[in-house]
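Student: Prediction below, plus the sequence it came from.
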Amino acid sequence: MPGDNIETIRLALHSFSFEQHFLHKPGFDAHAFLARASELGVSGVHISLNGHNFRCAGGTSPSRLAEIAADAHNRGLFVECDTSGTDPDHLVELAHAARQLGADKLRTYTRHKGDPETVYAATVADLKRAASPAADLGITLLLENHEDFTGAEVARILDEVAHPSVAALFDFGNSMNVAEEPLEAARAMARHTRSVHLKDHLMVRGNDGEPLIAGVANGTGNVDIATILALLIDEADLQRICIESSFGYCSRILRFHERLKSAPGTTFEIMEPPYDQADVLLDPDALRRRDPPVLFNLEQAATTRGVAHARQVLGELGFVPVLNARGAVYRRGGDTLAFADRHF
């Protein structure tokens, strides 16, 4: 049949990509973020509700959430949301907020402390209790590999929860915090993955001489984005790609330090100083105090570069932008590909 086997990808942008804008630029709020996302030509957004006053939403009232939902809808943007913690009451509350924003997915990660097995058991118990109430609201809960669990551990948790409305969000860089190659984590999580945070990281030498994970513009780090993306598109039937620029973010190896191998050619190869702040920014607060406009411009440039890189990778994987979709929707296969080719 004509049109069979067509794969569709929609690009989205995470609010964390403008973290410094949200924190420090006067007047930059959810509406300003939606405007930037629209200017960058994506078809969706991921809005963080993680913390005080629903963080990037800038308010918890139904009227505030309705305003943001209407703005996103008018711009033709789908919405996903995130929070943290697996307390069932909290997840149900945030599922309500996500629905008010027009979202269908809510990412979270565990905030339990203790030995790994205790954290594992508590996370499973929480997600089992939250699954059905979230499903009743039309929300799929997505457990992220967020600097805590390996990909295999996330998969094991979801196997035990065993609910269709609880799945995984794969983060391209976070596995580095547990000294795990991102591709290895992606392989373990692929069958559960329903959304992603596409980011890039480098291992650098911190000011104290210790290895440090640094967020960089997508396409400029050591994460094998193209290989991982190809895997997830093929094995997870991935249909949304959320670009999360983590430029200026730094973190440490948190588990399995003994696994760290900084051999040349690996994801964990360590870049030595000095660093150009346009490429590796270890202290955004210092730059903010010294010259805020430079910080905002660097963050904007890194985000723009990351969006362009995602488009490039999709092109290399055989995807083409759909006519009149402003480059926000990509398709591969069937008659759609030929149709798109004829009109460019």
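Tutor: Structure's in. What do you need?
Student: just the helices in the chain please.
Tutor: 19-24, 30-39, 62-74, 88-100, 116-136, 151-161, 182-189, 225-235, 284-290, 292-316, 334-342 (DSSP state H).
Student: Next, format these as a markdown table and append mean neighbour count and distance to Glu7.
Tutor: For the C-beta atoms, the positions are set from N, CA and C on the backbone; glycine is no exception. A markdown table is the format used below for those (neighbours: other CB atoms under 10 Å; distance: least, CB to CB, whole Å):
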| stretch | mean neighbour count | distance to Glu7 |
| --- | --- | --- |
| helix 19-24 | 18 | 31 |
| helix 30-39 | 19 | 23 |
| helix 62-74 | 16 | 25 |
| helix 88-100 | 20 | 26 |
| helix 116-136 | 18 | 26 |
| helix 151-161 | 20 | 23 |
| helix 182-189 | 22 | 18 |
| helix 225-235 | 18 | 7 |
| helix 284-290 | 14 | 37 |
| helix 292-316 | 18 | 10 |
| helix 334-342 | 14 | 9 |
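Student: Which of the ones you listed sits closest to Val45?
Tutor: Proximity to Val45 (CB to CB) singles out helix 30-39 among the helices of the chain, at 5.1 Å.
Student: In the stretch 151-300 of the chain, where is pLDDT below threshold?
Tutor: 254-264 (pLDDT under 70).
Student: Spatially central, which residue of this protein would that be?
Tutor: The centre of the chain sits closest to His197, judged by CA atoms, centre = their mean, with a distance of 2.0 Å.
Student: Contact partners for it?
Tutor: With contact set as CB atoms under 8 Å, 6 or more residues apart in numbering, His197 has these partners: His14, His46, Glu144, Leu169, Phe170, Asp171, Phe172, Gly173, Asn174, Cys242, Glu244.
Student: Of those, which belong to strands?
Tutor: Those of the contacts of His197 mapping onto strands are His14, His46, Glu144, Leu169, Phe170, Asp171, Cys242, per DSSP state E.
Student: Surely the third one is in contact with Phe172?
Tutor: This means Glu144. No. Contact between Glu144 and Phe172 fails when scored by CB atoms under 8 Å: they sit 11.2 Å apart.
Student: which of these two has more neighbours?
Tutor: Neighbours per residue, other CB atoms under 10 Å: of Glu144 and Phe172, the larger number sits with Phe172, 27 against 23.
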